[in-house]
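**Q** pasted the sequence and its predicted model underneath.
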Amino acid sequence: MSLGKLTYTKSGVNIKKADKFVKYISNVSRKANKSGDFKNIGGFGAISHIPKNLKKPHIVTSTDGVGTKIEIANEIKKFNTIGIDLVAMCVNDLIVQGAKPYLFLDYISTNKVNLKKLKDIMKGIIKGCKLANCKLVGGETAEMPGTYTTDKFDIAGFSVGLVEKHKILKGKIKKNDLIMAVPSTGIHSNGYSLVRKLIRKKKININKNKFLKIELIKPTKIYVNEVLSLINKNILNGCANITGGGLKDNIKRIIPNNLCAEIDLKKINTLKIFKWLKNSGIEEKEMLKTFNCGVGFCLIINEKNMQKVKKYFSKKFKPYVIGKISKSSERIKINGKIKW
């Protein structure tokens, strides 16, 4: 039996479309990167120099994705903000170490190259990099027929940050320090598998629910500029990015031995979307374990610096006290209940 003329295109991979997309990325990245430090997008690897103003630079790296929030983007057909989430999930982890995001790379895999969709995704990534003041230096777009079903895709990011040795946020947390909560924009990019299960169970059509359609696609807040300002002023002793695992699992990761983060849940200002999730049947214990519940980032500071810290944040993201650091063999104690 004759198989006819076998080609890569017939197998489901369109190199011409992929090349067009690479050209598009190169053009928009060049416009966004006015410094001219990175000129070889589309090449075999991105080359960069270490800034000369750093005396003892340390490299901090982070990689992440956005989980099944992608399925929400697919359902409502909105792809121009999911890239902001991708950048945020990486750079918000870098600043926890005190590092300034320096460069970012993305990976997009899909069953079939859809130029409009991919361009929308890239718009979000470029905007995220701009918000984080870091450079998009390269990436990979993989067309993988047979791996993903029709219109499905996944994205991942990788970021590199730089920090002077003396500015690394390690070993600075002390007894009586305050724990301040910085508000989130919403769910950010964690817990979406549970959210989607709830929506399926309640048989909700997101496209017909204005509240959920807006809330579930809100991009993750990028905290880079505010947090780096605090680090540069030497008024930050520690911080935590509140992602999967919620307050408890993320804050305890940065608490030194023999110290304890005491959190008072009554002080937390939660958001409407979390009240909706709680009232829709998700138990409080599960809410705290899965979601940020309105706290996207936590700062640990000396009490005398509280007013200084607040000056670096806009009204919407103004930090407020939710706890303190005490002496204890337990790294974290959660008290009270959120006022849902």
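**A** Okay, I see it. Nothing here was measured: the structure is a model prediction, and the numbers come from that model.
**Q** what about the strands in this protein?
**A** 57-65, 100-110, 135-143, 153-164, 178-183, 238-241, 259-264, 295-301, 320-327, 332-335 (DSSP state E).
**Q** now do the buried residues in the last one.
**A** Okay, so that is strand 332-335. 332, 334 (16 or more other C-beta atoms under 10 Å). Where C-beta positions appear, they are placed from N, C-alpha and C, glycine not excepted.
**Q** now for it, which elements pack on it?
**A** Packing partners of strand 332-335 (3 or more C-beta pairs under 8 Å, 6 or more residues apart in numbering; DSSP states H and E): helix 246-251, strand 259-264.
**Q** skip the chain neighbours and tell me the closest residue to Lys233.
**A** Lys308 (7.2 Å; C-beta to C-beta, 6 or more residues apart in numbering).
**Q** equivalent analysis for Ile204, please.
**A** Per C-beta to C-beta, 6+ apart, closest to Ile204 is Leu212, 6.8 Å.
**Q** Val160 pairs with what?
**A** Thr61, Leu103 (DSSP bridges).
**Q** list the residues that contact it.
**A** 59-61, 101-104 (C-beta atoms under 8 Å, 6 or more residues apart in numbering).
**Q** ok, so of those residues, who is nearest Ile325?
**A** Using C-beta to C-beta, Val60 comes nearest to Ile325 of the contacts of Val160, at 23.7 Å.
**Q** enumerate every residue touching the closest one.
**A** 94, 97, 99, 160-163.
**Q** which residues are in contact with Ile301?
**A** Ile301 sits next to 177-178, 180, 230, 235-237, 309 when contact means C-beta under 8 Å, 6+ apart.
**Q** my guess is Pro57 meets Gly161, correct?
**A** No: at 10.1 Å, Pro57 does not count as touching Gly161 under the criterion of C-beta atoms under 8 Å.
**Q** hmm, back to that, adding distance to Asn205 and mean pLDDT, write the strands of the chain out as a markdown table.
**A** Shown next, in a markdown table, are the strands of the chain (distance: least, C-beta to C-beta, whole Å; pLDDT from 0 to 100):
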| stretch | distance to Asn205 | mean pLDDT |
| --- | --- | --- |
| strand 57-65 | 26 | 96 |
| strand 100-110 | 25 | 96 |
| strand 135-143 | 31 | 90 |
| strand 153-164 | 22 | 96 |
| strand 178-183 | 29 | 98 |
| strand 238-241 | 33 | 98 |
| strand 259-264 | 37 | 98 |
| strand 295-301 | 28 | 98 |
| strand 320-327 | 36 | 98 |
| strand 332-335 | 36 | 96 |
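**Q** Throw these into JSON lines and include distance to Leu288, thanks.
**A** Formatted as JSON lines, those follow (distance: least, C-beta to C-beta, whole Å):
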{"stretch": "strand 57-65", "distance to Leu288": "22"}
{"stretch": "strand 100-110", "distance to Leu288": "29"}
{"stretch": "strand 135-143", "distance to Leu288": "35"}
{"stretch": "strand 153-164", "distance to Leu288": "27"}
{"stretch": "strand 178-183", "distance to Leu288": "14"}
{"stretch": "strand 238-241", "distance to Leu288": "15"}
{"stretch": "strand 259-264", "distance to Leu288": "10"}
{"stretch": "strand 295-301", "distance to Leu288": "10"}
{"stretch": "strand 320-327", "distance to Leu288": "13"}
{"stretch": "strand 332-335", "distance to Leu288": "7"}
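**Q** quick revisit: report the buried members of the contacts of Ile301.
**A** Burial by neighbour count, judged by 16+ other C-beta under 10 Å, picks out 177-178, 180, 230, 235-237, 309 from the contacts of Ile301.
**Q** how long is stretch 299-307 end to end?
**A** 13 Å (C-alpha to C-alpha, to the nearest Å).
**Q** could you number the chain from 516 rather than 1 from now on?
**A** Renumbered: residue one is now 516, and that last one reads stretch 814-822.
**Q** buried set for that stretch?
**A** Applying 16+ other C-beta under 10 Å to stretch 814-822 flags 814-817, 820-821 as buried.
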